[in-house]
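Chemist: pasting the sequence and the predicted coordinates here, then a few questions.
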Amino acid sequence: MTISLTSPVTGAAQTGLTSPTYTHVSDFAPESNARQVAVTAIGGTQTGVDAHSVARPFTITVSKPKTVRYLGKANPVTGVINSVPLNVYKIRTRKGVTPLAGQPSAVMHVTTSISIVAGSDLADPANVRAALSAHFGAIAQVSAGVGDTAVTNIL
């Protein structure tokens, strides 16, 4: 398995969380083209944060395309490929949150969608990896800021 989360996952920096960790177990994903884990224990200092339950799910799901799309043939006259398909990979986190004290939980969704140009995996793998490296590095670098913005709506 290429993508395999080891347990626990060390969380990225967030305001109010100290050394966050998330212990998880394998879970059945909702689709056959995905793998999922459920967070069963919270580590570090995360006051008020709860692990997975039926009422308040806490899962991380990684999926690949159900059908991989391939690069088509170039136009014999122009040499141009008219339609370049994308293969979409996703990482989704679901977490039960309280919308208002005393109210039932609602599920928050966080999704990273990665649309890779068909053919670039063979013709330009270094740049595919560079884009992903920069993307995940940027997310890790601004994790606390994104959390602050999500809570305060100040960018």
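Modeler: Yes, it's here.

Chemist: just list what the longest helix seen in the chain packs against, helices and strands only.
Modeler: Using DSSP state H, we find that the single longest helix of the chain is helix 125-141. For helix 125-141, the elements it packs on are strand 106-117, helix 120-123, judged by 3 or more CB pairs under 8 Å, 6 or more residues apart in numbering; DSSP states H and E. Any C-beta I mention is one placed from the backbone N, CA and C, and that applies to glycine too.

Chemist: do a quick rundown of the strands in this structure.
Modeler: In the chain, the strands defined using DSSP state E lie at 9-10, 18-27, 34-45, 58-63, 86-97, 106-117.

Chemist: dihedrals phi and psi, the residue lying farthest from the centre of the chain?
Modeler: The outermost residue of the chain, judged against the average C-alpha position, is residue 77 (41.5 Å), by CA atoms, centre = their mean. Dihedral pair for residue 77: phi -90, psi -50, per degrees, to the nearest 10.

Chemist: any idea how far it lies from residue 106?
Modeler: According to CB to CB, to the nearest Å, residue 77 stands 55 Å off from residue 106.

Chemist: re the thing from before, minimum distance to residue 31: which of the helices and strands packed on helix 125-141 has it?
Modeler: strand 106-117 (14.0 Å; CB to CB).

Chemist: and the angle for the closest one with strand 86-97?
Modeler: Orientation check (axes from the mean of the first three to the mean of the last three CA atoms, to 10 degrees): strand 106-117 against strand 86-97 gives 170 degrees.

Chemist: give the buried residues for strand 106-117.
Modeler: Using 16 or more other CB atoms under 10 Å as the test for burial, strand 106-117 gives residue 116.

Chemist: tell me what that strand is packed against?
Modeler: strand 86-97, helix 125-141.

Chemist: quick one: average pLDDT of the shortest one?
Modeler: Going back to what we said before, that points to strand 86-97. Across strand 86-97, pLDDT averages out at 97.
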